[in-house]
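> what shape does this take:
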Amino acid sequence: MGDIMTKEMWVDSFSESLRCHMRLAGMGQHELAELSGIPQSSISRYVQGTRMPSAMAILNMAYALDCRVSDLIDFGDYIVGVTV
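Numbers count the residues shown, from 1 in each chain. Prediction:
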């Protein structure tokens, strides 16, 4: 079984992935907020790594960034205890 990630590790990993995909899309926080329907203040917290978004927010951001959910959040080799 893979290493267990702490909440802080999940938040840091997500924040880094979000910043990377925003750069790739040439998109700032304001534009991502507009396209995803998520308040810019929340986007800012996700980018800063001070808050983890809900599953629905991750879906909306992935759609707005034209990427897969798994591009934003790395589930590793195990998702809900099932080997993939």
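> so Ser17 is in contact with Ile73, correct?
Yes - counting by C-beta atoms under 8 Å, Ile73 is a contact partner of Ser17 at 6.8 Å. Where C-beta positions appear, they are placed from N, C-alpha and C, glycine not excepted.
> what is the neighbour count of the residue found closest to Ile38 once you drop the neighbours it is linked to in the chain?
Spatially, and ignoring its direct neighbours in sequence, Ile38 is nearest to Ala57 (5.5 Å; C-beta to C-beta, 6 or more residues apart in numbering). By the criterion of other C-beta atoms under 10 Å, Ala57 has 18 neighbours.
> I'd like the numbering to begin with 37 instead of 1 from here.
Renumbered: residue one is now 37, and that last one reads Ala93.
> can you pull the pLDDT of Ala93?
On the pLDDT scale, Ala93 is placed at 96.
> list the contacts of it.
Neighbouring residues of Ala93 by C-beta atoms under 8 Å, 6 or more residues apart in numbering: Ser72, Ile74, Ser78, Tyr82.
> packing partners of the helix or strand hosting Leu71?
Leu71 belongs to helix 65-72 when assigned by DSSP states H and E. Helices and strands touching helix 65-72, as assessed by 3 or more C-beta pairs under 8 Å, 6 or more residues apart in numbering; DSSP states H and E, comprise helix 76-84, helix 91-101.
> hmm, 10 Å instead?
Helix 65-72 sits against helix 43-61, helix 76-84, helix 91-101, with contacts defined as 3 or more C-beta pairs under 10 Å, 6 or more residues apart in numbering; DSSP states H and E.
> turn the ones you listed into a markdown table, including distance to Leu68.
As requested, the helices and strands packed on helix 65-72 are exported to a markdown table (distance: least, C-beta to C-beta, whole Å):
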| stretch | distance to Leu68 |
| --- | --- |
| helix 43-61 | 6 |
| helix 76-84 | 5 |
| helix 91-101 | 6 |
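> of all the contacts of Ala93, which comes closest to Ile40?
Relative to Ile40, the closest of these is Tyr82; by C-beta to C-beta it sits at 22.4 Å.
> the closest one touches Gln65, doesn't it?
Yes - the pair Tyr82 / Gln65 is scored as a contact, 9.1 Å apart, by C-beta atoms under 10 Å.
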